[in-house]
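Asks: Any chance you could fold what I've pasted below:
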Amino acid sequence: MVERFLRQTTFSSVEDYNKNLDFIIPEHFNFAYDVMDAWAEEKPDGLALLWTNDKGEEKRTTFAQLKEETDQAASYLQSLGIGKGDPVMLILKRRYEWWITMLALHKLSAVVIPATHMLTKHDIVYRNTRASVKAIICVDDAYVTGQIRLALPESPTVKTVVAVGESQASLLSAEENTAEASCSWHSWQEEWQKAPAFVRPSEKNENNDTMLMYFTSGTSGEPKMVAHDFLYAMGHLTTGVFWHNLHEGSLHLTVADTGWGKAVWGKFYGQWFAGATVFVFDHEKFNADTLLRQMEKYKVTSFCAPPTIYRFMIREDLSRYDLSSLEYCTTAGEALNPAVFDKFFEKTGIRMMEGFGQTETTMTLGTFPWMTPKPGSMGMPNAQYDIDLVRPDGTPCEDGEKGEIVVRVGEKKPIGLFKEYYRDEELTHEAWHDGVYHTGDVAWRDEDGYYWFEGRIDDVIKSSGYRIGPFEVESALMTHPAVVECAITGVPDDIRGMVVKATIVLGKEWKDKADDALVKELQQHVKRETAPYKYPRIIEFVDELPKTISGKIRRVEIRKKDAETK
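Replies: Residues are numbered from 1 along each chain as shown. Sure thing, here's the model as predicted:
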């Protein structure tokens, strides 16, 4: 499959990859037809999806079966009036139907808007109105359908809601039906298999048509609408085939909610380019022991998760689990603390390969199989992007100098880079102008070309003339056995301008020791682990850190709370 889209399919070194990565771009590329239906023809009995849940249910789907089910779903959605360019929001948790509807909507050239099940009425109204959502396909539970009902009177563009499940939570009384007459409700289970045979639409998508939109939760401000074209899927070929190092026969598990971008990084495009099996564990609440048992039971060979998940996993006694099938591990979503890398390697013998990207991109920096990982480094630039580090004045940084990660865009947009912030020309120009896309993330590059994350531009702390990146202090704190998670922020100070504050989640065995003595111990620990001027002068112990929907720490919320209580 890969040879259809790359002129060279294997690489032996950084130099080889940088010189020879070259995409073959077909006209009217559509992942559902050109990759998934092609697999159904070439490898019909190959296992495409292995889905299970915390109730013990299990479903194994071959590529041929997946084609049949996605054709049926596409026909059903056609019958509801959904077609090319129609914005459709998916709120399906990790239900099996998410994979079916994603592919079905691609086949119709509709615009898919994945969303989390945790959205409130306000969130749903905002998304519906900003994107002119025409239809919502949602999990049929009382909370989700309840919030959608509350949102509908303020969402005039929504004409159809399809509820997926058997809970009957979506059933409306006659009075409610009258109140929502402008929007029809449907039951997926009762209707989708009755649709006629699927006929592929005669009008094909263009490569630059919008295929997918994500509302980024961000660390500040209202969510932005990130619009991706049909080539975005191809951009993830390097994610699955090279960064995840997948092949036919791999069983890959990525821990990600289907409502955020990491799901298509790890549960969809790149993995199926490689012909691997996507493993899905549908569960309500994360538990490290339960996850490890699933990996043991199904013999997962490849695993990807944000560092937070690894932090909880290494606190388990990993000798109790048979992880002998595990071959390769990757991590992204937030910066990886070297202490977590070292502990996981000590317990498993596997070196985590870190990657970096944004909702606006595919993987822009990564540690590939032909590289030796440096604990805590994001790796090197992915050859499909022209990556650089720049100073505030736009001039390139020297090695060892902190700067903003940017993507230099020539005459042709790189495969995988977003189209625009939908319906926001000003915001798009603010981030992408003069041939450069500004990520807003700060890093430095060592003499070997590896990049090291520092934080968001607005997270950098300036104290007594020093510039302090949150991640370097967090990494120092994470080497202390008491610390499970932490966030570093700046607090205004009359003398120093700002001082460093650490908000810390302690391990359960340390919570009764959260006193002044532990504060001093942690401060001294940071002084020993990194430059003394970086130590946190303020330490607060909390039960949990505020996070975005996608699991990233919301330092802006900590700063806001501190400002309100000052």
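
Asks: How many neighbouring residues does residue 447 have?
Replies: For residue 447, the count of nearby residues is 7 (other CB atoms under 10 Å). (C-beta placed from N, C-alpha, C; glycine too.)

Asks: got it, and residue 297?
Replies: Residues near residue 297, counting by other CB under 10 Å, number 12.

Asks: got the contact list for it?
Replies: By CB atoms under 8 Å, 6 or more residues apart in numbering, the contact list for residue 297 is empty.

Asks: could I have the helix or strand containing it exported to PDB, CA atoms only?
Replies: Following DSSP states H and E, the helix or strand that holds residue 297 is helix 288-298. Provided in PDB are the C-alpha atoms of helix 288-298 (Å, rounded to 0.1, in the frame of the first residue of the first chain):
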ATOM      1  CA  ALA A 288      -3.600   1.600  34.600                       C
ATOM      2  CA  ASP A 289      -4.100  -2.000  35.800                       C
ATOM      3  CA  THR A 290      -7.100  -2.500  33.600                       C
ATOM      4  CA  LEU A 291      -5.300  -1.100  30.500                       C
ATOM      5  CA  LEU A 292      -2.300  -3.300  31.200                       C
ATOM      6  CA  ARG A 293      -4.500  -6.400  31.500                       C
ATOM      7  CA  GLN A 294      -6.000  -5.600  28.100                       C
ATOM      8  CA  MET A 295      -2.600  -5.200  26.500                       C
ATOM      9  CA  GLU A 296      -1.600  -8.500  28.100                       C
ATOM     10  CA  LYS A 297      -4.700 -10.400  27.000                       C
ATOM     11  CA  TYR A 298      -4.800  -9.300  23.400                       C
END
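
Asks: Relative to the whole chain's centre, how far out is the helix or strand that it is followed by?
Replies: Helices and strands here follow DSSP H and E; after helix 288-298, the next one along the chain is strand 302-304. Centre-to-centre, strand 302-304 and its host chain are 14 Å apart (CA atoms, centre = their mean, to the nearest Å).

Asks: buried set for the helix or strand that strand 302-304 is followed by?
Replies: Elements were assigned by DSSP H and E; along the chain past strand 302-304, the next helix or strand is helix 307-313. Neighbour-count burial for helix 307-313, counted by 16 or more other CB atoms under 10 Å, picks out 307-313.

Asks: After the worst-scoring helix or strand of the chain on mean pLDDT, heading C-terminal, what element do we hit next?
Replies: Across the helices and strands of the chain, mean pLDDT, DSSP states H and E gives its lowest value to helix 174-179, namely a mean of 44. As assigned by DSSP H and E, the chain's next helix or strand after helix 174-179 is strand 184-187.

Asks: Which positions in that following strand come out as buried?
Replies: Neighbour counts over strand 184-187 (16+ other CB under 10 Å) mark 185-187 as buried.

Asks: Ok, stretch 197-216 next?
Replies: Buried residues in stretch 197-216 (16+ other CB under 10 Å): 198, 205, 207, 209-216.

Asks: ok so, going back, kindly indicate which of the buried residues of helix 307-313 lies nearest residue 445.
Replies: The shortest gap between residue 445 and any of the buried residues of helix 307-313 belongs to residue 307, at 21.0 Å (CB to CB).

Asks: From residue 114, how far off is the residue nearest to that closest one when sequence neighbours are not counted?
Replies: Setting aside the residues directly before and after it, residue 307 is nearest to residue 336 in space (CB to CB, 6 or more residues apart in numbering), at 4.7 Å. Using CB to CB, to the nearest Å, one obtains 25 Å as the distance from residue 336 to residue 114.

Asks: now residue 530
Replies: From residue 530 over to residue 114 (counting by CB to CB), the distance is 39 Å.

Asks: Neighbour count for the two, which is higher?
Replies: residue 114 (23 against 17).

Asks: re earlier: what pLDDT is listed against the residue nearest to residue 307?
Replies: Listed pLDDT for residue 336 reads 84.

Asks: With residue 167 instead?
Replies: Here the pLDDT value assigned to residue 167 is 69.

Asks: Name whatever forms a beta bridge with residue 330.
Replies: Taking DSSP bridges as the rule, residue 330 bridges to residue 304, residue 353.

Asks: show me the contacts for it.
Replies: Per CB under 8 Å, 6+ apart, neighbours of residue 330: 243-244, 302-304, 352-355.

Asks: Around the nearest residue to residue 417 once chain neighbours are set aside, how many other residues sit close by?
Replies: The shortest distance from residue 417 to any non-neighbouring residue, by CB to CB, 6+ apart, is to residue 361 (5.6 Å). Taking other CB under 10 Å as the criterion, the count of residues near residue 361 is 24.

Asks: before we move on, what about residue 316?
Replies: Quick note: residue 316 (other CB under 10 Å) scores 15 neighbours.

Asks: quick check, it in a strand?
Replies: No. Assessed by DSSP: H, G, I helix; E, B strand; the rest coil, residue 316 does not belong to a strand; its assignment is coil.

Asks: Please look at residue 70 and residue 98 and confirm they touch.
Replies: No. Using CB atoms under 8 Å, residue 70 is not in contact with residue 98; the gap is 11.8 Å.

Asks: For residue 68, see how far away residue 1 is.
Replies: Taking CB to CB, one finds residue 1 at 19 Å from residue 68.

Asks: neighbour count winner among these two?
Replies: Relative neighbour count places residue 1 above the other of residue 1 and residue 68, with 19 against 14, counting by other CB under 10 Å.

Asks: quick one: that one and residue 35 touch, right?
Replies: Yes. Under the criterion of CB under 8 Å, residue 1 makes contact with residue 35 at 6.6 Å.

Asks: Quickly list what's touching both of the two.
Replies: Common neighbours of residue 1 and residue 35 (CB under 8 Å, 6+ apart) are residue 273.

Asks: Would you mind listing the buried residues in the top helix by length along the chain?
Replies: In the chain, with assignment by DSSP state H, the single longest helix is helix 63-79. By neighbour count on 16+ other CB under 10 Å, the buried set for helix 63-79 is 63-67, 69-78.

Asks: same deal with stretch 224-243?
Replies: 224-243.

Asks: how many neighbours does the closest residue to residue 518 other than its chain neighbours have?
Replies: Closest residue to residue 518 apart from its sequence neighbours, by CB to CB, 6+ apart: residue 482 at 6.7 Å. Residue 482: 19 surrounding residues under other CB under 10 Å.

Asks: which stretches of the stretch 351-500 of the chain form strands?
Replies: Shown for the stretch 351-500 of the chain, the strands assigned by DSSP state E, counting those that start in this stretch span residues 353-357, 363-366, 377-381, 387-390, 403-408, 420-421, 432-433, 436-445, 451-456, 461-463, 466-468, 483-493, 497-506.

Asks: so which of these gets nearest residue 18?
Replies: Residue 18 sits nearest to strand 377-381 of all these, at 8.1 Å, using CB to CB.

Asks: got a list of contacts for that closest one?
Replies: The contact list for strand 377-381 (CB under 8 Å, 6+ apart) reads 14, 335, 353-356, 364-368, 371, 373, 387, 443, 446, 449-453.

Asks: Any buried residues in that strand, and which?
Replies: Buried residues in strand 377-381 (16+ other CB under 10 Å): 377-381.

Asks: ok now do residue 98, which residues does it touch?
Replies: Residues in contact with residue 98 (CB under 8 Å, 6+ apart) are 90, 92, 114, 258.

Asks: In those residues, find the pair that's most separated.
Replies: Of all pairs drawn from these, the greatest distance, 8.3 Å, lies between 92 and 114 (CB to CB).

Asks: And the contacts of strand 377-381, which of them are buried?
Replies: Buried among these (16+ other CB under 10 Å): 14, 335, 353-356, 364-368, 371, 373, 387, 443, 450-453.
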